[in-house]
Every structure is written in structure tokens, then in C-alpha cells.
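Colleague: sequence first, then the predicted structure, then my questions.
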Amino acid sequence: MRKTEQAVERCKTMSTLQKILGGKWKLEILYYIAFHDIRRFGALRRQLGEITESSLTKQLRELEADGFLVRHDFHEVPPRVEYTLTDLGKSFMDVIAYMKNWGDANLLKNK
């Protein structure tokens, strides 16, 4: 088989990253927690606007399971739960900042 006909091997790192952060809201959730200090469930939901409660819950649980967030339950009445970045999540913030700056420079030029 010629070189041009050979399948290019998939990049496992990119594939894994896409699976972890592929949720519709995950990048925005991480962005607001990191750069706007929005940590409470209700505040995140208000900030995101169109997200349903169940969808936000699912996205937060997945980010927690994947090691990007930690959930703090204060065991109070009324219930108070906050989300913060783990070290893994913090290490990803340079990537999100770069993506935002790139988007500001390249995607919003004509809008």
C-alpha cells in the first residue's frame, strides 16, 4: 500500500480530550468557574441561560468524574454546593484562555 493510501493513525490524546470535553457546555462551565469565580450551581445555570438543570448536573458530574472539578457540599439548609477546579482543571486554563483569545481575534472580527 502506498503512503497516500495508508490510514493516518488517530491521535489518542486528542481523541481522549474530545471525549472528556465534548459536552455542549463543558468548556463554558470551566471558563466561568475559572475566570469569573462562578462556583455555585444556580449561578452557573443563570450564566449559561439555555441549559436545563438536568443537563448542567450531568455536565458537572462528568467534569468531576474526569478530574477537572471537585464538588463541595456544605451540608446546609438551604443546600449549598460549590464547584472548584482541581489541579488538572487549573492546568487546562491556559488552553481555555488561549482558545478565547483566538476566538476573540478571529471569530468575532466581522460581527
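Modeller: Here it is on my side, so go on. Given the structure is predicted, the values throughout are model-derived calculations rather than measurements.
Colleague: count the residues that sit near Arg40.
Modeller: 13 (other CB atoms under 10 Å). C-betas here are computed from N, CA, C, even on glycine.
Colleague: secondary structure element for the closest residue to it other than its chain neighbours?
Modeller: Leaving aside its sequence neighbours, Arg40 sits nearest to Glu82 (CB to CB, 6 or more residues apart in numbering; 5.5 Å). Using DSSP states H and E, Glu82 maps to strand 81-85.
Colleague: buried ones in that strand?
Modeller: By 16 or more other CB atoms under 10 Å, the buried positions in strand 81-85 come out as 83, 85.
Colleague: stretch 84-101 too?
Modeller: For stretch 84-101, a neighbour-count test (16+ other CB under 10 Å) marks 85, 89, 92, 96 as buried.
Colleague: show me what the strand holding Glu82 is packed against.
Modeller: If you count contacts as 3 or more CB pairs under 8 Å, 6 or more residues apart in numbering; DSSP states H and E, strand 81-85 packs onto helix 26-35, helix 41-48, strand 69-73.
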